[in-house]
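Participant: no sequence on this one, just coordinates:
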C-alpha cells in the first residue's frame, strides 16, 4: 500500500499542473474566438495544443494505473 501511495503522490502534482495548463490554454482559446478575427492557422495551432495537453494528462493517469497494477498482487 505504501508503494501505491508513493506512486500517487509522485504523479498527482504533475497531473494537477497539467490540468491547470489545460485550463489556461482553453481560456486563451475562448478569448481568441470571442475577440473575433479568427484566422484558421492560429486557431488550429491552439486547438492542437489543447488536444496535446489533454493527451499528456490522460497519459499521466494511465502511467499511474499501469504502475499500480505492477505493484498489486493477483488477489488484489
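Facilitator: Received the coordinates, thanks. These numbers come from a predicted model, not from an experiment. Numbers count the residues shown, from 1 in each chain.

Participant: Pick out the residue nearest the middle of this protein.
Facilitator: By Cα atoms, centre = their mean, the chain has its centre lying nearest to residue 57, at 2.0 Å.

Participant: right, and that residue touches residue 18 too?
Facilitator: Yes. The criterion here is Cβ atoms under 8 Å, and residue 57 meets it with residue 18 at 4.5 Å. (Each C-beta comes from the backbone N, C-alpha and C, glycine too.)

Participant: Would you point out the helix or strand in this structure whose mean pLDDT is lowest?
Facilitator: When each helix and strand of the chain is scored by mean pLDDT, DSSP states H and E, helix 2-34 comes last, with a mean of 89.

Participant: Just list what that helix packs against, helices and strands only.
Facilitator: Where contact means 3 or more Cβ pairs under 8 Å, 6 or more residues apart in numbering; DSSP states H and E, helix 2-34 is packed against helix 40-71.

Participant: For the helix it packs on, list every residue counted as buried.
Facilitator: Using 16 or more other Cβ atoms under 10 Å as the test for burial, helix 40-71 gives 46, 49-50, 53, 57, 60, 64, 67.

Participant: I'm done for today, thanks for sticking with me.
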